[in-house]
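1. A predicted structure for the sequence below; I have some questions about it.
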Amino acid sequence: MKRGLILGAVALVVFALVTALMLRFMPAPMKESDYVIVGSVATLVALGVLFVMLISITRSSDVFFKKKRKK
């Protein structure tokens, strides 16, 4: 439970940081589509960070593929 809260908090912080950085450095007259792009990129980066963190927590060498059992 505690690990899930930490992972969620880290993803939320990364999302807020990427959103703030993109809003700060985008050109001044922003349209509605610019906000959609900022949110999309921030979501992509936050989910990417969360994915990498979940993979790094897993200590198994075969995260994506399971070896078949020999009969």
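-> Thanks, I have it.
2. for A42, see how far away V18 is.
-> Separation of V18 from A42 (C-beta to C-beta, to the nearest Å): 4 Å. In short, each C-beta sits where N, CA and C put it, glycine included.
3. kindly apply the preceding question to F65 instead.
-> F65 is 31 Å from A42, where distance means C-beta to C-beta.
4. more neighbours, the two?
-> A42 (20 against 7; other C-beta atoms under 10 Å).
5. just list the residues touching the more buried one, thanks.
-> For A42, the contacting residues are F15, V18, T19, M22, by C-beta atoms under 8 Å, 6 or more residues apart in numbering.
6. would you format those residues as a markdown table with pLDDT, distance to P29 and secondary structure included?
-> Output for these, formatted as a markdown table (pLDDT from 0 to 100; distance: C-beta to C-beta, whole Å; DSSP: H, G, I helix; E, B strand; the rest coil):
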| residue | pLDDT | distance to P29 | secondary structure |
| --- | --- | --- | --- |
| F15 | 97 | 25 | helix |
| V18 | 96 | 21 | helix |
| T19 | 96 | 19 | helix |
| M22 | 94 | 15 | helix |
